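> need the 3D shape of this:
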Amino acid sequence: MAQGTEPKKRSPFKGHVQRGRRHIPPMRDLPVQITLREFRKVALPDFLWLLTMLHARPLSAGPGATGRALDLAQDAMKRAHARGAVAGDLAPVFHGLLTDWERVPKQERAEVLAEFRRLGLYDDVVPETFAHALAVYPDAPGRWLIEPRLQDGLVVSLEEAEKLLWELVRLGGSSHQPLATHAIYLWIIALVKMTRIEHGGEPVFIDILPRYPNNVTDAERGVAESTLRAMFLPAFHNRPEAVETLEWCRRFWRANRALFECYRKEPEPPDPTDLEKVEIAVDRCVQLQREFLVAARDTDPDLWDSDRYDVLTGMTWRAIRMASHLIGHPAQWSEEHGYPAIRGLFETIVQMRWMLAVEETRPDVWHEFKDYGRGRTKALKLHTKEALQKATGKPKEILEGLLPKLEEEVNRDISEDFQDISTASTFIDDKSLFAMAEEVGMGDLYHSTMGPASSATHGDWSALDDLFLDRCLHPLHGRHAIPRLELAAESDERLPFLGETFARWALDAYFKAIEYHPPAGSENGAKSVPEEEAPAGDPRLDR
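As a prediction, the model looks like this:
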């Protein structure tokens, strides 16, 4: 095993090797690096002729025209090698790939076509459907095979080409599908016939190979097919001609975008929003707001040192307002639109709980939180001043309007001349948000909630792929990404539930921190708020 350290014992990444901040899976930690290559992407275009022949006449039906064509072409390559038209100490092996047909010298091409005609094989060896498919690629290797059909007046049909290619990718796009496995078998057999391959494993495989696929047991079939695939990958990709194959595969797939239109799934109508549930949730949010405002009003902020009160009150009110907005606007009840709010709420409750947990041993933690934020404001002001020097037109006008506001904010509590700037990821230099979550028992929730919420907020690939993109369904496009046309699902009730839960947790932490108890005779203090002091953020007023 390559050098590295095993992850922590309680990590879910069991078996992975940790190097720095990456966790390497076992298959990527082998002495020899395995390069993943899809048969569909890096082999199928070169196998088009073999796949077409096997699609028309399965391997189980016997060699037929396919076997005769392969033998004739191999004999032609032997003749070409004998007369010096093909380089090398040995005659090249002919497998039936398009690049194999392309390597047949001009003299032998004419001989092969003439022999096909004499034996009455041409129509079977070069089916019209294959001619349509190959003709749509002007630079396809082995194109000389279809020249007689083109000279006879074949009108190339893109529709016919698409029909055949679609079927070949659908039925033979994976090396584990029978059509592709049988094509691989023919490729391997060509090496065996030319005595270019030796199998150093169990001799049973050599015994099975001549009887495959008709006269083998299920167990023998499994041995044969797994061995074929295992032998094929290194032999196919490490041969000198692999460069030609790869170049043709690139041209094939890149041409398909212009040849064939994308296919997408039909958009599904969104589920209707239960407005009654919205109204009930909004009422609960208003209740949270009233409870908080009473507690904030009735609590002594400690005018000598109000940092603790200021931070707790700001964080709790932010959480309640964010949750209220989320809950009152069902258009945000989707991962696409609602996750940024969930992320902010989660960060709030983690930081609140952590600061309350450490304040006894770290009494300046509330000041540290404020100082970090003021430093970021100072940094923003300095960046704005620098940008203003280079700005012109409307951007300059916007920055000039922003600067006085930043000047006031950064000097609101202390002079900026005495304000540090921290570039740490949190207000504690050596403490990540995850570390805080772990220390307050919210580590698992961090992974299940904060992780996907952060992905959606920052737009990493997992979020783009899951929320904003679909995959083209055309087999000849390789499932590339296309913009999703469906509107975001706006009936995911997990999000308002999480929003309300986090806001409730923040309020509970606030009550406990300030040792607040609702006055007797009130419903959690709600009735003690006069109407003129009712929350201005009632989400029902915004809709």
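> tally of neighbours for the residue nearest to W505 when sequence neighbours are not counted?
Leaving out its chain neighbours, the residue that sits closest to W505 by Cβ to Cβ, 6 or more residues apart in numbering is I349, at 5.0 Å. All C-beta spots, glycine's among them, are computed from the backbone N, C-alpha and C. Here the neighbour count serves as a burial measure; for I349 (other Cβ atoms under 10 Å) it reads 24.
> for M442, same thing?
Around M442 there are 21 residues (other Cβ under 10 Å).
> that one against Q351, yeah?
No. Using Cβ atoms under 8 Å, M442 makes no contact with Q351, being 10.7 Å away.
> look up how far L134 lies from the closest residue to G142 other than its chain neighbours.
Spatial nearest neighbour of G142, excluding adjacent residues (Cβ to Cβ, 6+ apart): W101 at 3.2 Å. Counting by Cβ to Cβ, to the nearest Å, the gap from W101 to L134 is 10 Å.
> one more: G173?
When Cβ to Cβ is applied, the distance between G173 and L134 equals 18 Å.
> check F434 too.
When F434 is compared with L134 (using Cβ to Cβ), they lie 55 Å apart.
> kindly report the same for I208.
In this structure, I208 lies at 34 Å from L134, with Cβ to Cβ as the measure.
> and the two? Which one has more around it.
When I208 and L134 are compared for neighbours, L134 comes out ahead with 27 against 22, by other Cβ under 10 Å.
> contact partners of the helix or strand encompassing the more buried one?
L134 belongs to helix 128-135 when assigned by DSSP states H and E. Helix 128-135 has contacts (Cβ atoms under 8 Å, 6 or more residues apart in numbering) with 48-49, 52, 98, 140, 142-143, 145-146, 149-150, 154, 156-158, 160-161, 163-165.
> heading C-terminal from the helix or strand E408 falls within, find the next helix or strand.
Secondary structure here is read from DSSP H and E; on that basis E408 sits in helix 393-410. Reading on from helix 393-410 to the C-terminus, the next helix or strand found by DSSP H and E is helix 433-439.
> show me the domain layout of the chain.
In terms of domains, the chain is parsed into 1-34, 39-259, 277-373+429-541 (source: automatic domain parsing).
> that older thread, give me the buried positions along the helix holding E408.
Of the residues in helix 393-410, those buried by neighbour count under the rule 16 or more other Cβ atoms under 10 Å are 399, 406, 409-410.
> please identify which helix or strand holds E261.
When secondary structure is defined by DSSP H and E, E261 falls outside every helix and strand.
> picking up where we left off before, can you put the buried residues of helix 393-410 in CSV and add distance to D465 and pLDDT?
Compiled in CSV, these are given as follows (distance: Cβ to Cβ, whole Å; pLDDT from 0 to 100):
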residue, distance to D465, pLDDT
L399, 36, 90
L406, 38, 92
E409, 39, 89
V410, 40, 88
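> for A481, see how far away W461 is.
Going from W461 to A481 by Cβ to Cβ gives 10 Å.
> looking at those two, which is more packed in?
Here W461 and A481 are compared on neighbour count by other Cβ under 10 Å; more neighbours surround A481, at 13 against 10.
> my read is that the more buried one contacts R471, right?
Yes. Contact criterion Cβ under 8 Å: A481 and R471 qualify, at 6.3 Å.
> quick one: buried residues of whichever helix in the chain runs longest?
When secondary structure is assigned using DSSP state H, the longest helix within the chain turns out to be helix 365-390. Along helix 365-390, the positions that meet the burial threshold by neighbour count (16+ other Cβ under 10 Å) are 365-366, 368-372, 374-375, 377-378, 381, 384.
> who are the packing partners of it?
For helix 365-390, the elements it packs on are helix 307-328, helix 335-358, helix 393-410, judged by 3 or more Cβ pairs under 8 Å, 6 or more residues apart in numbering; DSSP states H and E.
> now for the last one, which elements pack on it?
Think helix 393-410. Applying 3+ Cβ pairs under 8 Å, 6+ apart, one finds that helix 393-410 contacts helix 365-390.
> ok, the first one next?
Judged by 3+ Cβ pairs under 8 Å, 6+ apart, helix 307-328 is in contact with helix 275-298, helix 335-358, helix 365-390, helix 494-514.
> ok, which of the ones you listed comes nearest G328?
In this view, the helices and strands packed on helix 307-328 are compared for proximity to G328 by Cβ to Cβ, and helix 275-298 is the closest at 5.1 Å.
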